[in-house]
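[1] no FASTA, just this:
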């Protein structure tokens, strides 16, 4: 379980991935670019070994209180195999993926595709096709 918040700032100079069994966001959190370029922060709760569908209990992500702010260059992809629960009002720029999203209050998601969207000859890029296919 990973707790993030309490006047915490993440400065991205490249794309970054944080894996955890669950995330709990409480307190003020800011995510920003440190070099003036677009970057993505991936917050990933992996599927538990025995989970085969969305009815199983698995990892979750909770936005419980405080503010969530981002600059216009940072993107966040939040992925949880079970539930994303929102009881605060985050202003997220990026994407949410989960079996269930439980929003007990209004919040904002400004869609921005995760990963490198700029094609530069000679520079490798990340293209995310899917996280996990559990349909068959």
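    Sure thing, it's come through. It should be emphasised that the depicted structure is a prediction, and the values quoted were computed from it without experimental measurement.

[2] stretch 70-77: how far from the chain's middle?
    10 Å (C-alpha atoms, centre = their mean, to the nearest Å).

[3] tell me how far the ends of stretch 53-64 are from each other?
    26 Å (C-alpha to C-alpha, to the nearest Å).

[4] which helix or strand in the protein has the lowest average pLDDT?
    Of all helical and strand segments in the chain, the minimum by mean pLDDT, DSSP states H and E falls on strand 2-5, at a mean of 54.

[5] name every strand pairing with the very next helix or strand once past that one and say which way it goes.
    Next helix or strand after strand 2-5 toward the C-terminus (DSSP states H and E): strand 8-12. Partners of strand 8-12 in the sheet, by DSSP bridges, are strand 29-33 (parallel).

[6] what's in contact with the helix or strand just after the partner strand?
    Where DSSP H and E defines the elements, the next helix or strand beyond strand 29-33 is strand 39-44. By C-beta atoms under 8 Å, 6 or more residues apart in numbering, the surrounding residues in contact with strand 39-44 are 10, 12-20, 23, 31, 33, 61, 73-79, 94, 114-115, 131. Any C-beta I mention is one placed from the backbone N, CA and C, and that applies to glycine too.

[7] now the helix or strand following strand 39-44, how far from the centre of its chain.
    Under the assignment DSSP H and E, the closest C-terminal helix or strand after strand 39-44 is strand 60-65. How far strand 60-65 lies from its chain's middle: 11 Å, per C-alpha atoms, centre = their mean.
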